[in-house]
Structure formats: structure tokens, C-alpha cells
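In: Predicted model and sequence below, questions to follow.
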Amino acid sequence: MRLHVADHPLIAHKLTVLRDERTESPTFRLLVDELVTLLAYEATREVRTEQVEITTPVARTTGTHLASPRPLVVPILRAGLGMLAGMTRLLPTAEVGFLGMQRDERTLEAITYANRLPDDISGRQVFVLDPMLATGNTLVAAIEYLLERGARDVTAICLLVAPEGMRTVEQTIGARGEVKIVTAAVDERLNEDAYIVPGLGDAGDRLYGVVD
């Protein structure tokens, strides 16, 4: 597993505003959208390309296109949905699949309630969107789904990461796939309720409000 922490003043600024408990949902959603686009720029540095011949108004030249098959973007519902527009703005030709997952607050295990993924994603680069990598259980479950369908190259884009979650992903997935995590920051730890500290709270609730 590889980790890339995007070190940029604009990322640090936007993340600070996201962390602030006084930031209301409309501003929070806007900042998540902007921050994901910046993280997506870092996450797609190794996206596969191929050379193509084109004609400009002046001459023939060689350019670059994204290679086939197209990348697959997979937001983890519900909070990952708030990251989708920022990702597809930078990668508009990607296809989109969905995984609906929620954390059992008693066991901390991931429960899957929706799955809209292609049956075969062999040879495709996959970008998973999940705001918080806390215990790591949700991301591990998502990566397991992708590996079962043939994926080997998976990049997870997370706003924040906890060290405990990184260890879980690395220990569980191991060498079965090439996994990269791109994030704005690695925080200190998890608290007794498995929330990231200092974190930014529940990303889903701050994006969309509290749903009982």
C-alpha cells in the first residue's frame, strides 16, 4: 500500500475550514467539492494514457488521451456521494459505480446495503471516494468487492486518514492488489467511539444533515 499526503496551501486552508464546527452544510459541501478536485489531481498522476495523432489549426502533432478501458469511479454512499462531482469534473470520461455501506456502531464492521458495480472490472483503474478512513473496515470491504471483480489497481481518495485505518488496509489487503491512498491529512488517532481526532466530525451528517 502506498500513501500520498497532498501538501498544498490551498488544501490545508480548505481542510481547516471543513474542520471548523461552525462551518454550515452549504459551505461544507462546496469545500468538499473543491478539495476533492485538488486531491483528484494528485490521485490521477498515474492514470493510464496513450498517444494519439491530431491536427491542430497549424500542423499535425502527437497528443495524449486517456487509455481504454476507462477508469471507474466508485463513491461509497452516502458521504462519498458528496465527493463525486469534484472527481468527475477532473475525470469526466470515467464510468461511475456505487457502493452503499454503513458502519455498525456496535461492531464497527461495514454493512453493505447497495452494490452497483460492473461484474468484470479487470484491467481497469478504480478510484474509490470515501471522506474518512477511520477504522479501515469500510474501505477494506469496498476493496474486497473490487478485487473479487478483477480489479488490481485501486486508488482511494479520502479527506482524512487515521493511522489505525491505514494499518488495517495494509494488513488486510496486503499484496493482493496495488492500493494507493491519497488524502489531505493523516490525523492523530481514533477516539473511543472510532471517530478521527481531531477530525471533522461525521462527514455524511455535515454534508447532508442528520438522518435517524
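Out: Looks like it arrived, so ask away.
In: List the buried residues in stretch 120-130.
Out: For stretch 120-130, a neighbour-count test (16 or more other C-beta atoms under 10 Å) marks Ile121, Arg124, Gln125, Val126, Phe127, Val128, Leu129, Asp130 as buried. All C-beta spots, glycine's among them, are computed from the backbone N, C-alpha and C.
In: Quick check: Arg106 is in a strand.
Out: No - counting by DSSP: H, G, I helix; E, B strand; the rest coil, Arg106 is located in no strand; its state is coil.
In: Show me the two of the buried residues of stretch 120-130 that sit farthest apart.
Out: Farthest-apart pair in these is Arg124 and Asp130; separation 18.5 Å (C-beta to C-beta).
In: Mind picking the one among the buried residues of stretch 120-130 that's closest to Glu95?
Out: Using C-beta to C-beta, the shortest approach to Glu95 within the buried residues of stretch 120-130 belongs to Arg124, at 8.5 Å.
In: per-residue confidence averaged over the longest helix that the chain contains?
Out: Taking DSSP state H as the assignment, the helix of the chain that covers the most residues is helix 25-43. Helix 25-43 shows a mean pLDDT of 94.
In: Then stretch 178-189?
Out: The average pLDDT within stretch 178-189 is 96.
In: Pull out the buried positions in it.
Out: For stretch 178-189, by 16+ other C-beta under 10 Å, it's Val179, Lys180, Ile181, Val182, Thr183, Ala184, Ala185, Val186, Asp187.
In: One more: stretch 2-12?
Out: Ala6, Ile11.
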